[in-house]
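# give me the fold of what follows.
(2 chains, ligands or ions: 1)
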Amino acid sequence: MTEPASAYPTTAAAGPESRRTLAILVDNEPGVLARVVGLFSARGYNIESLTVAETDARAHRSRITIVTRGAGPVIDQIKAQLGRIVPVRKVVDVTLEPAGLERELALLKIRSSGQERVEALRVAEIFRARAIDTTRESFIFEVTGASGKIDAFIDLMIPLGLIEVSRTGVLSIQRGAEGA
Amino acid sequence: MTTMDILCEAPVAPAHASPAPEMLSGAAMVVRALQENGIDTLFGYPGGAVLPIYDALYAAPGLRHILVRHEQGAGHAAEGYARSTGGVGVALVTSGPGATNIVTPLADALLDSVPIVVLSGQVPSRLIGTDAFQECDTVGITRSCTKHNVLVRHVDDLAIALHEAFALARSGRPGPVLVDIPKDVQNAIGRYIPLEEARPLLRPNCQPVPGPRMDSISRAVEMLRAATRPILYTGGGIINSGDRASALLREFAAETGFPVTSTLLGLGAYPASGPAWLGMVGMHGSVEANRAMHDCDVMLALGARFDDRVTGRLDGFSPRSRKIHVDIDPSSINKNVPVEIGIVADVGATLEALLKAWRVAAKSGRPAADLAPWRAQIERWAAPGSFRYRQSGTVIKPQYAIERLFAAARGRETYITTEVGQHQMWAAQLYGFEAPRRFMTSGGLGTMGYGLPAAIGVQAAHPDALVVDIAGEASVQMTMQEMSCAVQYGLPVKIFILNNEWMGMVRQWQQLLHGERYSQSWSAALPDFVKMAEAFGCLGLRATDPAELDAKIAEMIHDPRPVLFDCRVSKAENCYPMIPSGAAHDEMLLAPDDTDECENRGAKLANPAISEAGRSLV
Ligand SMILES: Cc1ncc(C[n+]2csc(CCOP(=O)(O)OP(=O)(O)O)c2C)c(N)n1
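Residues are numbered from 1 along each chain as shown, chains lettered A, B, ... in the order given. Next up, the predicted model:
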């Protein structure tokens, strides 16, 4: 559901939907993640991916990166609602930033033998994935990149014996010398 | 977050050597922070987890504690106190059930932007998470119904948390803040950080919102000067901004000649007797206000949030107007209705800038558009009278009762609160509010049971004023134990019950939307309100005949005690005009010409204006 949960049809929600990555810089205090996530669920916004960790221990700051989807006015509304949360210090729309960078890390477990095993290694090489665990009948690959690249890697691995995936969700930062 | 963290991240920690730090218990810090933040009254109810604070209050100078009878009462009383003074209201409750009982007022204050601070006790830190006696996850439960909340884990963090709570409650768009204080933190000794020292450490949301951008102001004035069918759509934001904003609104309306309508919460910002007044807008607003909103060419929204009770069906809402929206909360702009110019600023500061720019334009530029045809059109809409009713000889019409109350209270400093239902809408329609902060009602949440405790809060702040809770017999039963509180503190609130023996608003919807199947809306087994008043130590009055109404109202006003007035009114009266849910402003249902009980009931109002989709809305 991408429209605000109003029984009244809202014209504000109109327009084409897009996928957007928001970096939310917060005070690392108890409950802050619950506030942010609670806002999304209470108002019916999407969360496609979520990552969070403390990024500056001295200043007690954490960075939450959320990938969401919605029409332009909905995204604006999400940003404005996030701004109402007291421990939220800054919201960066990484998708709109020309200097925005997004990366994700994934771990894939593949079980195969024979020709498929060889093929899996070959594909992994193309994607610059590293084998971080190997048994006679399995690999675990570590791969990083934009979400699209990871999606593509997963797709190719499915017929080659993919049995488990773990993804971090999207991380983001801006290129250049400026801090957020 | 600990105090040290805050100090670390603060760019300008006070460098000068401060006097020796003041060491206090957490409970004493609460008292001290209340005093430093200018609080003189709080509403509360004790219990195990707040006993140290109650102990500190025992001999605290300059702090009056009003003991309610249910924590919901404390919350609404704090709201009434805050809304009638423009300050912050405070409530103090214990853990577990004390905290859960105040959830409704928190949600109420959040939707209506009322600055209150709720202090709740919590079980001792080491017991948190063990399902201890009277433990509940108060910050978890109240997270989505507060502007901010915090569980204070260390006594050294307490002073900052309290100062921040007061600052947050009143800053920007005001709202409720809860501070949850474990019992061991109340007993522990720590360093008290005085308000002045804390101020620079508070977070950005505590800081004042900057003034309006001048380019927006000039674009807005340009649009307003060209308007031929303008309207000022005002809301509670004007009242929250302070009395100066109301004064500026009056000036602006006078200078521009623009007609003014208001939401339920904004009533009184512009006087009901003023020449530009159209009456309230929205579901039960006046015909002229709703038609003018629908047909205007430029709408200036001032501290109002395009709530569904105001807009009706969104795609039919003021379809041909260009809109300017001034709101202190950026999330209000473009939330429900897209606008051409959004101004995020205090509405008072914005009105000041608009007025200045308007004057400059008036002096130098072309004259503003001629509004005479627009005014004439509005007069034609207004002519039949939106709120007409016929007072019969034998039965008191609820509208008549409100008009007589209004007439009797004229010339006095009067504050009105309401419960929720038809009586609330009639009060909004027919009571002429002349000044801001005089009308306290639960708008956003629509909380039955709000009016009596709110009236107590108002009366505590204005001991010499006339404070009347215009009530319904169903609503008032939700919190009527607070009569006991009113008696204890000699707060002579007047509970004016429009007793129609129905949950009238529910009955009205069932009549109009559910084929007259009156499921569970009859107020059966009503108490004898007069006897009940007496049992509580109040004066009980009853009126059943229009002829005795004035004398009884005068008696109510002049009696020094709290009064419960059982005003028996016509049972089947409906509240009109009504825009049914899902309809647009030009699809109002009007009062049938004759609203006598029997005929009204006979009229099967399966109105075509009520769509199937509308039936599923609230
Ligand atoms: C706490 C709460 N519960 C239920 C409702 C739904 N509700 C709205 S108006 C109403 C009836 C109110 O009846 P009464 O107080 O007698 O006022 P009247 O409409 O008759 O003037 C009800 C039940 C509500 N607003 N608040």
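# for the ligand, what is the nearest residue in the stretch 151-300 of chain B?
For the stretch 151-300 of chain B and the ligand, the shortest gap (Cβ to the nearest ligand atom) falls at residue B:284, measuring 11.4 Å. C-beta: built from backbone N, CA, C; applies to glycine.
# please identify which helix or strand holds that residue.
Assigned by DSSP states H and E, residue B:284 belongs to no helix or strand.
# what number of residues lie near it?
Neighbour count for residue B:284, taken as other Cβ atoms under 10 Å in any protein chain shown: 24.
# one more: residue B:23?
Neighbour tally, residue B:23, other Cβ under 10 Å: 12.
# what's the answer for the one 3 residues further on, then?
Neighbouring residues of residue B:26 were enumerated by other Cβ under 10 Å; the total is 28.
# what do you get for residue B:59?
Neighbours around residue B:59, by other Cβ under 10 Å: 8.
# again with residue B:380
11.
# and it, backbone torsions?
With angles defined as degrees, to the nearest 10, residue B:380 sits at phi -60, psi -40.
# re earlier: can you tell me the closest non-neighbouring residue to the residue of the stretch 151-300 of chain B closest to the ligand?
Leaving out its chain neighbours, the residue that sits closest to residue B:284 by Cβ to Cβ, 6 or more residues apart in numbering or on different chains is residue B:425, at 4.2 Å.
# could you list every residue that touches that neighbour?
By Cβ atoms under 8 Å, 6 or more residues apart in numbering or on different chains, the contact set of residue B:425 is B:284, B:505, B:575.
# ditto for residue B:273
The neighbours of residue B:273, taking Cβ under 8 Å, 6+ apart as the test, are B:432, B:434.
# shouldn't it be within a helix?
No. Secondary structure of residue B:273 (DSSP: H, G, I helix; E, B strand; the rest coil): coil, not part of a helix.
# for it, give its distance to residue B:290.
Noted for residue B:273: a distance of 21 Å to residue B:290, by Cβ to Cβ, to the nearest Å.
# what do you get for residue A:166?
Counting by Cβ to Cβ, the gap from residue A:166 to residue B:290 is 57 Å.
# more neighbours: the two, which one.
Neighbours per residue (other Cβ under 10 Å) separate residue A:166 from residue B:290, with residue B:290 holding more: 30 against 10.
# could you list the residues of chain B in contact with the ligand?
Within chain B, the residues that sit near the ligand (Cβ under 6 Å from any ligand atom) are B:419-423, B:446-449, B:472-475, B:498, B:500, B:502-506.
# got any ranges where chain A has weak pLDDT?
For chain A, the stretches with pLDDT under 70 are A:1-14.
# okay, now the domains of it?
As given by automatic domain parsing, the domain ranges for chain A are A:15-96, A:101-173.
# how about the helices in the stretch 1-150 of chain B?
B:3-9, B:26-36, B:51-57, B:71-85, B:97-100, B:103-111, B:138-142 (DSSP state H, counting those that start in this stretch).
# nearest to residue B:159, out of those helices?
Nearest of those to residue B:159, taken as Cβ to Cβ: helix B:26-36 at 5.3 Å.
# just to revisit the earlier point, contacts only, for the residue of the stretch 151-300 of chain B closest to the ligand.
Residue B:284 neighbours (Cβ under 8 Å, 6+ apart): B:425, B:428-429, B:575-579.
# any idea which of those is closest to residue B:415?
Residue B:415 lies nearest to residue B:428 out of the contacts of residue B:284, by Cβ to Cβ, at 14.5 Å.
# backbone dihedrals for the closest one, please?
Dihedral angles (degrees, to the nearest 10) for residue B:428: phi -70, psi -40.
# ok, the one 3 residues further on next?
Per-residue torsions, residue B:431: phi -80, psi 130 (degrees, to the nearest 10).
# surely it meets residue B:408?
No. With contacts defined as Cβ atoms under 8 Å, residue B:431 does not count as touching residue B:408, sitting 11.5 Å away.
# disregarding flanking residues, what is the spatial nearest neighbour of whatever residue of the stretch 51-200 of chain B ends up closest to chain A?
Proximity of the stretch 51-200 of chain B to chain A (Cβ to the nearest Cβ) peaks at residue B:148, 4.4 Å away. Closest residue to residue B:148 apart from its sequence neighbours, by Cβ to Cβ, 6+ apart: residue A:86 at 4.4 Å.
# mind listing what that neighbour touches?
Residue A:86 makes contacts with B:147-148, B:168, B:203, B:205, as judged by Cβ under 8 Å, 6+ apart.
# and what of residue A:80?
Contacts of residue A:80 (Cβ under 8 Å, 6+ apart): B:329-331, B:333, B:335.
# got the residues of the stretch 501-618 of chain B near chain A?
Proximity of the stretch 501-618 of chain B to chain A, by Cβ under 8 Å from any Cβ of the partner chain, involves residues B:582, B:616-618.
# now for those, which pair is the farthest apart?
B:582 and B:618 (10.1 Å).
# which parts of chain A are strands?
Secondary structure of chain A by DSSP state E: the strands cover A:17-27, A:49-56, A:61-71, A:88-93, A:100-111, A:130-134, A:138-145, A:162-167, A:171-174.
# name the residue most distant from the centre of chain A?
residue A:114 (34.4 Å; Cα atoms, centre = their mean).
# ok, for residue 34, nearest residue in space, not its chain neighbours?
Defaulting to chain A. Nearest to residue A:34 is residue B:143, by Cβ to Cβ, 6+ apart, at 6.4 Å.
# nope, chain B please
residue B:63 (6.1 Å).
# what's the closest non-adjacent residue to residue B:404?
Per Cβ to Cβ, 6+ apart, closest to residue B:404 is residue B:549, 5.3 Å.
# roughly how far does the one you found sit from residue B:517?
Per Cβ to Cβ, residue B:549 is found 33 Å from residue B:517.
# of these two, who's got more company?
More crowded of residue B:549 and residue B:517, by other Cβ under 10 Å: residue B:549, with 19 against 9.
# follow-up on the earlier one: show me the one of the strands of chain A that comes nearest chain B.
Among these, the nearest to chain B by Cβ to the nearest Cβ is strand A:17-27 (6.2 Å).
# from the chain's centroid, how far away is the closest one?
Mean-position distance between strand A:17-27 and its chain equals 9 Å (Cα atoms, centre = their mean, to the nearest Å).
# many thanks, have a good one.
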